[in-house]
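Novice: build me a model:
(2 chains)
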Amino acid sequence: MKLTALVRELERILGREAVLWGPDDLMLYEYDGLSALHPPDVVVFPRTTVEVVQIVKFAASQKLLVVPRGAGTGLSGGSIPWQGGILIAFARMKDILEIDLENQRARVQPGVVNLDLSLAVSDAGYYYAPDPSSQKACTLGGNVAENAGGPHTLLHGVTTNHVLGLEVVLPSGEVIHTGGEFWDVPGYDLTGLLVGSEGTLGIVTEITVRLMRKAESVATLLAVYDRIIDATRTVAAITARGITPAALEMIDGFTLRAIEEATHAGYPMDSAAVLLIEVEGLKEAVEENALHIESVCKENRARHVRRAKSAEERDLLWKGRKNAFGALGRISPSYYVQDGVIPRTRLPEMLEFIGQIGTKYGVKIGNIFHAGDGNLHPIILFDPRDEDESRRVREAAAEILTKCIDMGGSITGEHGVGIEKINLMPFLFSADDLDVMRKIKGVFNSEGRFNPGKVLPTGKMCGELRASVSPGGVL
Amino acid sequence: MTTAVESVHWALAEIVGEARVVSEPTACAARAVAGRVPRHIVDTPTAESVAAVLKFASDHDLAVIPHGNGTKLALGCPPSRYDLALSLKDLNPVRHYEPADLTISVEAGMKLGDLQDFLGRDGLWLPLDPRGGANATIGGILATNSAGPLRLRFGSARDMVLGIKVATTEGKLIKSGGRVVKNVAGYDLCKLLVGSYGTLGVIVEASLKLFPRPASRATWVLEPGTLGLARDLRRRILDSPLEPLRMALLNAEASGLLWNGPHSGDALGVELWIEAGGTPSILERHAKDLAEMGRSVGVRSRLVSGQAAENCWFRFINFEQLFADSFPEVLVLKASLPLASSEQFLSLAQQGAEGEKVKMACFAQVGISIVHLGLWGDSLGEVADRLVTITRKAAESLGGALVVEQYPNGFNGERDVWGAPGDSLETMRRLKAAWDPKGVLSPGRFVGGI
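Specialist: Numbering: from 1, shown residues only, chains lettered A, B, ... in the order given. Okay, here's the model as predicted:
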């Protein structure tokens, strides 16, 4: 179909103001948090499920590709229209449809920004638990697609543990409803299958989530270390005491100096690492756990442990953590964030390994990550104009992720496979495992028109890819 | 044995060894599901042999029902056909355990009680209190996503599974997820398989997230007397900062059965149970706040602790045993409702029961709004149908759903175990066909005849 005819038809369905197709406009949609570039043919902005269905049915009739996009904060290229097609942007489907505190749930459109939902119920004492670092910008639809995490998911679980039901448009244009407003809806747990399927099975147009009551008391501690290894050892020591903090984050000295310069969060400039630890619950439990944690940190040679004395101080410590990527952006032309996961007891060994990899490839690697659940975010700084450096970054990244797999871990904890890690899937999964996933994809998206080129390597690719480890081949 | 039965017997013996295949009709009768007797019982020794048996069954179009210890085998519709009872109870070793990581990998036949004993040495547990208690196997718990009232605090099996290994009808062993607590690589087949009632594949191994065991626990029993007051109290507790581990609501008949034993027949009052766990200061706080909340509406609270409390919760969770000991015929229903609707559903169900002149005991997991009802009476067989319709309508009118867990033995009407499927049934059917194209796994037992 010719572009002009395509645009004319979409404008007929949605109105002229809901369709973008000029090259300058499309440029804004050719990337997300991964710096891979490919523009869509056209961008559309539906307001309702009915409009999404019309777009999808039209695409089906013309065999066109369809890619959904929230805020474009994803880090694995999940919303990049890698092969062109219609990009459905959810910026106008941003209504909170229902808040029902007595049933502790909310029903939202996919374009609602994560933090906006928590703010909407905050005065009543509730919040939505999963809190990705990008929560000020990222949308709940994107969170569902990627099964997003965040620092506070250590205690409360990730997106999939908080989504009760979905309205989904399938590639045929058929609409299905999965789950519901209660547990144990009879039938297969399609909600659980769809969360984290990265837009390759269906497009979510409505989400029912669980809201949680805010804890009575919170303590936020900053433990400062002179050696990274002592900080990493503290992590398993805390869980060994029977304490599950609400959040347990580690920031290495290099990264926290960059943050401090950008945010002035009050992090010590001369330390090798800090742990940002939060406990919440009944005030009795919080007091006891905060004391236990303080002593565990000291036993593991923390230089000192500071407890936030006010809500402002707490917010500032978290602001520093959540703005870390931006802070690193100030000191490097570009960076590559990884998302490997390892058993938390292997952290000391892994951090040492990452240090060695930095030296081996001559690249600077910062570490800021969800230590409590072993979810690493090594951040490799580089200049994309320097081809040799870019190659070294790719090789360093591949070695780190291979190590994660060797340790019994995973290549991604919360950012998704997307385009970025598709080549690594055959290292984590056998041909039989991938074959079953392909069959499942076939059930929903048999023509492969929904978000093509994501998550699953094509059958042909497997053999070649096993021969060449190359994550971030699209850096 | 007929020639056909004999040839299957020897073919299975080839896979698992002669001692592990039983084809005697009397022995097979012991594994009947809803009156249907299998032709063979196969005790698989390894994950690989499960896969091989499934492939054989699929190739020869033999219907298979997998089971662990059989504690939940009665759930679901009667099978449309049944040839092989596939026993997984011998798949029970711990495959991987790292206490400091709070993860464990076990095979499907591991009994929950054995797992808890094993973890107890390190002060850990898997915080699940499903039906069947210690005898329930991990595989069975996962296949039915069976959870008890602890779900209020810890979620269900669905939330604790990090990874699974599954035997498929193609004879393959495939995995999803892994051993780490956070993982989004590939589709989450764990969610799809958990709660699929053995209709897609057979879970042979699972990696699970563990939790530190609370230092101590205590249960308070409040006697609000009426459902209305029970609802007010439940609301106040859920809206307070307290963090109960479990909550339960029992109507007068249920508390009578539970405290006075099956044969007394005396009803007591409506009761609300709250269990908390943690250090002494946390338990004291719960005691104080609960007493205050009760006092403000004139309701006293009493403490039950130690083994006595554990026994009460066990009887609550395994309430069907109370019925089995008490009445020849019983209809057992499970309603899943939006969080705040348990009490309203109960009063609707109570009206329905009175209208049909049957008695009703209610064991409700309030806080998660899973309500179990047991109904009994002289003309139960004749009115069971209507009772299902009335209570299902009540649940659906409140935005919930109703599943029949047990029909009375004498029931001859049409069984509608799962209720009307929603608009995703076609997708579910296609998933079933992708996993089990010949339809040999637990055929006819699941939603929409899957």
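
Novice: low pLDDT regions in chain A?
Specialist: For chain A, residues meeting the criterion pLDDT under 70 lie at A:459-475.

Novice: and the residue of chain A nearest chain B?
Specialist: Nearest residue of chain A to chain B (C-beta to the nearest C-beta) works out as residue A:192 at 2.5 Å. No exception for glycine: its C-beta is placed from N, CA and C like everyone else's.

Novice: what is the burial count for that residue?
Specialist: Residue A:192 has 27 neighbours, counted by other C-beta atoms under 10 Å in any protein chain shown.

Novice: you'd agree residue A:381 is up against residue A:367?
Specialist: No. The pair residue A:381 / residue A:367 is not scored as a contact, 12.0 Å apart, by C-beta atoms under 8 Å.

Novice: so what's residue A:184 closest to, chain neighbours aside?
Specialist: residue B:336 (4.4 Å; C-beta to C-beta, 6 or more residues apart in numbering or on different chains).

Novice: tell me how far that neighbour lies from residue A:58.
Specialist: 38 Å (C-beta to C-beta, to the nearest Å).

Novice: thinking again about what came up before, neighbour count: residue A:381 and residue A:367, which is higher?
Specialist: Neighbour tally, residue A:381 and residue A:367, criterion other C-beta under 10 Å: the higher count belongs to residue A:367, 26 against 21.

Novice: so the more buried one belongs to a helix, correct?
Specialist: No. In this structure, residue A:367 is strand, not part of a helix, as judged by DSSP: H, G, I helix; E, B strand; the rest coil.

Novice: in the sheet, who's paired with it?
Specialist: Per DSSP bridges, the residues bridged to residue A:367 are residue A:378.

Novice: what's the burial count for residue 157?
Specialist: Picking chain A for this. Counted with other C-beta under 10 Å, residue A:157 comes out at 20.

Novice: can you look at chain B instead?
Specialist: Neighbours around residue B:157, by other C-beta under 10 Å: 23.

Novice: so which bits of the stretch 51-200 of chain B are right by chain A?
Specialist: Residues of the stretch 51-200 of chain B lying close to chain A (C-beta under 8 Å from any C-beta of the partner chain) are B:96, B:98-103, B:123, B:145, B:151, B:155-156, B:158-159, B:168, B:172-176, B:178-192, B:194-196, B:200.

Novice: go again with 6 Å.
Specialist: The stretch 51-200 of chain B comes close to chain A at residues B:100-102, B:159, B:172, B:174-175, B:178-188, B:191-192, B:195-196, as judged by C-beta under 6 Å from any C-beta of the partner chain.

Novice: and those, which are buried?
Specialist: B:101-102, B:159, B:172, B:174-175, B:178-188, B:191-192, B:195-196 (16 or more other C-beta atoms under 10 Å in any protein chain shown).

Novice: look up the closest residue to residue B:165, ignoring the ones flanking it.
Specialist: Of all residues not flanking residue B:165 in the chain, residue B:205 sits nearest, at 3.9 Å (C-beta to C-beta, 6+ apart).

Novice: show me what the host helix or strand of that neighbour is packed up against.
Specialist: Element membership for residue B:205, per DSSP states H and E: strand B:202-209. Other helices and strands packing on strand B:202-209, by 3 or more C-beta pairs under 6 Å, 6 or more residues apart in numbering or on different chains; DSSP states H and E, are helix B:47-59, strand B:103-107, helix B:138-143, strand B:161-167.

Novice: ok, residue A:363 to residue A:388 distance?
Specialist: Distance from residue A:363 to residue A:388, by C-beta to C-beta: 11 Å.

Novice: next: residue A:250.
Specialist: Distance, residue A:250 to residue A:388, by C-beta to C-beta: 31 Å.

Novice: look up phi and psi at residue A:55.
Specialist: Main-chain dihedrals, residue A:55, degrees, to the nearest 10: phi -60, psi -50.

Novice: which residues does it contact?
Specialist: With contact set as C-beta atoms under 6 Å, 6 or more residues apart in numbering or on different chains, residue A:55 has these partners: residue A:44.

Novice: repeat that for 10 Å
Specialist: If you count contacts by C-beta atoms under 10 Å, 6 or more residues apart in numbering or on different chains, residue A:55 has them with A:9-10, A:13-14, A:18-19, A:44, A:46, A:64, A:66, A:86, A:88, A:169, A:173, A:203.

Novice: over to residue A:230?
Specialist: A:223, A:272, A:273, A:275, A:297, A:299, A:300, A:301, A:302, A:303, A:348 are the contacts of residue A:230 under C-beta under 10 Å, 6+ apart.

Novice: helices - which of those land there?
Specialist: If you go by DSSP state H, these have A:297, A:299, A:348 in helices.

Novice: the first one: neighbour count?
Specialist: Okay, so that is residue A:297. When neighbours are counted by other C-beta under 10 Å, residue A:297 registers 25.

Novice: which parts of the stretch 151-300 of chain A are helices?
Specialist: Shown for the stretch 151-300 of chain A, the helices assigned by DSSP state H, counting those that start in this stretch span residues A:153-156, A:190-194, A:228-240, A:253-263, A:283-299.

Novice: backbone phi and psi for the closest residue to residue B:9 other than its chain neighbours, please?
Specialist: Among residues not flanking residue B:9 along the chain, residue B:23 sits closest, at 4.5 Å (C-beta to C-beta, 6+ apart). Main-chain torsions, residue B:23, degrees, to the nearest 10: phi -130, psi 10.

Novice: residue B:214 touches residue B:280, doesn't it?
Specialist: No. In terms of C-beta atoms under 10 Å, residue B:214 does not count as a neighbour of residue B:280; the distance is 11.4 Å.
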